[in-house]
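J.: Sequence and predicted structure are below.
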Amino acid sequence: MAAPLLRVLMRSARGAMRGADRAKWHYGPGFDHSRAAAQHDGLAALVAETGAEIEWLDDGDDGLADSVFTHDPSLMTEAGAVILSMGKPLRRDEPALHEAAYRRLGIPILGRVEGAGQVEGGDCVWVDRNTLAVGRGVRTNQKGIQQLANILGPIGVSVFGYDLPLWQGEEACLHLMSVISPLADDLALVHSPLLPAPFWQMLKARGIELVEGDPEEFAKSLGLSLNVLPTAPHEVIAVAGFPKTKAAMEAAGCTVKTFEADALCIACEGGPTCLTRPILRR
Ligand SMILES: NC(=O)NCCC[C@H](N)C(=O)O
């Protein structure tokens, strides 16, 4: 998940988030449409600076405010995309946007999570190229994890499900990726108090070094201090304003670029990882 990022799917906040009702979407008081759109531009500029090619979903005024969080409606594998099925009912129409984009881009569709199955991309963490950890919680259920295992088994990928806590309730967003961000093959930023213990044990057994994010910054940011996007091993993009977590990553050998994101990420419960769906890493 931290190999050099070559191609990524994103959606501007300009059309999608226009007129979004805070209460309906569970956004905080800091949400502001025009500032969120400008802050999204700031993230896109940092991503483009790395040389990664951004594939844009159409900037439609379709009222799908959360569709800017492109990490969640699909998952990419070496054999093609998996179209997922959202646990948050308001996000139900987003996987079709991703499927249309992959068809336009000529990327094969490997399979779909469907029916009673639910999996969101934010719950999926590649531990290595043959091992996928999936958080089971309010967004992802066992039926979805089983479907994913059936789709990925034939391409040699083992899928392991781990229970997540409820934390701030079923309306809030806690994904497995809310409590871990890979920084390199053998390095990850974590908030260990909310990590499923057997997942933590698996990471330790594989010799993955865990950098602890600052717990106060995690609480203050509603977890967004931890949501950092690796654009290459040891090179990451993070939300501005969390110096202790940034310093912990730097002490582990990372270069950290930041962007202002109070109106976009803190208010809407999704960070730079959630705002990007990597399509190709080298
Ligand atoms: N992967 C992620 O953690 N995505 C964040 C999604 C935030 C969005 N407001 C949601 O509730 O789904």
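T.: Structure's in. What do you need?

J.: Which residues are in contact with whatever residue of the stretch 51-200 of the chain ends up closest to the ligand?
T.: Among the residues of the stretch 51-200 of the chain, residue 122 lies nearest to the ligand; the distance is 2.5 Å by CB to the nearest ligand atom. Quick note: C-beta positions are derived from backbone N, CA and C, even for glycine. Contacts for residue 122 (CB atoms under 8 Å, 6 or more residues apart in numbering) come out as 69, 71-72, 139, 173, 175-178, 270, 273-274.

J.: Doesn't it lie inside a helix?
T.: Yes: checked against DSSP: H, G, I helix; E, B strand; the rest coil, residue 122 lies within a helix.

J.: how close does it get to residue 248?
T.: 22 Å (CB to CB, to the nearest Å).

J.: ok, now residue 77?
T.: In this structure, residue 77 and residue 248 are 31 Å apart, going by CB to CB.

J.: same thing with residue 71?
T.: The value you get for residue 71 to residue 248, if CB to CB is used, is 23 Å.

J.: before we move on, what about residue 258?
T.: Taking CB to CB as the measure, residue 258 falls 14 Å from residue 248.

J.: sorry, back to before: okay, who's weakest in the contacts of residue 122 by pLDDT?
T.: Confidence by pLDDT is poorest for residue 173 among those, given 82.

J.: What parts of the stretch 51-200 of the chain come near the ligand?
T.: For the stretch 51-200 of the chain, the residues in contact with the ligand (CB under 6 Å from any ligand atom) are 66, 69, 71-72, 88, 91, 122, 173, 175, 177-178.

J.: Of residue 71 and residue 248, which one has the most company?
T.: Taking residue 71 and residue 248 together and counting by other CB atoms under 10 Å, residue 71 has the greater number of neighbours (26 against 18).

J.: Now do the helices for the stretch 101-250 of the chain: every range, in order, please.
T.: Here the stretch 101-250 of the chain has its helices, by DSSP state H, counting those that start in this stretch, at 142-152, 197-205, 215-220, 243-251.

J.: most packed of these?
T.: Comparing those on average neighbours per residue, with mean count of other CB atoms under 10 Å, the densest one is helix 142-152 at a mean of 19.

J.: got a list of contacts for it?
T.: Applying CB under 8 Å, 6+ apart, the set of residues contacting helix 142-152 is 75, 77, 82, 84-85, 110-119, 124, 132, 134, 136, 158-159, 161.

J.: Can you say which of those residues are buried?
T.: Neighbour counting by 16 or more other CB atoms under 10 Å classes 75, 77, 82, 84-85, 110-113, 117-119, 124, 132, 134, 136, 159, 161 among the contacts of helix 142-152 as buried.
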